[in-house]
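Q: What follows is a predicted structure for the sequence shown.
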Amino acid sequence: MVLPMWAFWAALAGMGVGLVGVALPVIPGVGLIWLVALVYALCEGFATVDPLTFAALTLLGALGVTTDVWVSQASAKLGGASLRSLLIGMGGGALGALVGAIFFGAGALPGAIIGTLLGVVLAEWQRRQNWREALESGGLWLLGCALSGAVQFLIGLLMIGIFVWQALKGA
């Protein structure tokens, strides 16, 4: 069953909120775009957003949701960060997110970024006894973190484009 146009526009608005959420930590990003596509596809019985299209959206969504981890970790590895330092950084990020959420309300994301950065830098300093190299590893992790936001934005745009193409094809 093809849904009325207002449902398409409502879904598109929800996806737009998800796209904004890529930049704003209080709103879910790519995951919200995927969830809106799922609800739309279920409500229409996968008439226009067919199972194959939804599978593609699911793969893109999984890639987008995990981008923060794999892009930032890969860039830190390019800076010579060890696996141990990255794991310590992840622990620091979890601690930073907790502290940020408890003491600063919506500060979980900044806390996670600061905690991870500090964890990577301090672990690398302890390993190498060289501040320049430790700061370089941390800086590359931070660059990867920023790059991951750009990648998530592009994945979100691609998901919305595929959704629009499929939903309007059947309208």
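A: Ah, there it is.
Q: Low-confidence ranges, this protein, go.
A: Counting by pLDDT under 70, the chain has low-confidence residues at 25-26, 105-106, 170-171.
Q: Enumerate every residue touching residue 149.
A: Each residue near residue 149 by Cβ atoms under 8 Å, 6 or more residues apart in numbering is listed here: 22-23. Placement of C-beta: from N, CA and C, glycine included.
Q: And the host helix or strand of it, what's buried?
A: Taking DSSP states H and E as the definition, one finds residue 149 inside helix 131-169. Under the neighbour-count criterion of 16 or more other Cβ atoms under 10 Å, helix 131-169 has 133-145, 148, 151-153, 155-156, 158-160, 162-163, 166-167 buried.
Q: try stretch 96-112
A: By 16+ other Cβ under 10 Å, the buried positions in stretch 96-112 come out as 96-97, 99-100, 107-109, 111-112.
Q: Could you do stretch 39-59 as well?
A: 40-41, 44, 48-49, 53-54, 57.
Q: okay, those residues in CSV with secondary structure next?
A: Output for the buried residues of stretch 39-59, formatted as CSV (DSSP: H, G, I helix; E, B strand; the rest coil):
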residue, secondary structure
40, helix
41, helix
44, coil
48, coil
49, coil
53, helix
54, helix
57, helix
